[in-house]
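Student: Generate coordinates for the sequence data below:
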Amino acid sequence: MENKTTRRASFKKIGMGIAALFGIGSANAMTKNKSKTPIKEASDIVMDQDIPLFSGAVKHGNTLYIAGKGAHVEPYEIKAHTEIVLQELQKGLEANGSSMEQVLKVNVYLADLADYKGMNEVFRGRFGKNPPVRTTVATYGGVPGKSLVEMDCIAAVD
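Tutor: Below is the predicted model:
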């Protein structure tokens, strides 16, 4: 009987640990955790008919999320668009207390995968000695608007 009780207590502790890992727990434990959770700070909010649609940047704790930036101007050439997009990302990062060197992750969306090499030529070296993790995909149907490339990123904030 003692073995069953000990095992049951062990399984209960494991279950509580897993629940805590996924943020599941008692109301009391969750209330305590909420007071320690950083407040989400949104900026550059895009409105749709007077209703918030999305934020251009969100800061949560020491992490900054920058929404996708595109280049919807002529010339319609990948190197020019990539340069504009990277400048826009940099502006958003600096306006929110971060920098290109603090970027952790970049997502790159290309209207045409054939532009991969040209985009890379401009992208290369823009994030310092320790470049961020990056995902690059060609989007089915293209990037919204007339941009040949769109990028978003996640960065650390001091």
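
Student: For the rest of this, base every contact and every neighbour count on C-alpha atoms.
Tutor: OK.

Student: Count the neighbours of L93 for me.
Tutor: Using other C-alpha atoms under 10 Å, L93 is surrounded by 25 other residues.

Student: Wait, a helix at it?
Tutor: Yes: under DSSP: H, G, I helix; E, B strand; the rest coil, L93 falls within a helix.

Student: For it, give me its contacts.
Tutor: 64, 66, 99-100, 155 (C-alpha atoms under 8 Å, 6 or more residues apart in numbering).

Student: Okay, strands next: where are they in this protein?
Tutor: For the chain, strands defined by DSSP state E occupy the ranges 40-48, 51-60, 63-70, 103-110, 133-138, 149-156.

Student: Turn the ones you listed into TSV, columns for mean neighbour count.
Tutor: Formatted as TSV, those follow (neighbours: other C-alpha atoms under 10 Å):
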stretch	mean neighbour count
strand 40-48	13
strand 51-60	16
strand 63-70	22
strand 103-110	20
strand 133-138	13
strand 149-156	23
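
Student: weakest of these in terms of mean pLDDT?
Tutor: Note on the strands of the chain: strand 40-48 shows the lowest mean pLDDT, a mean of 79.
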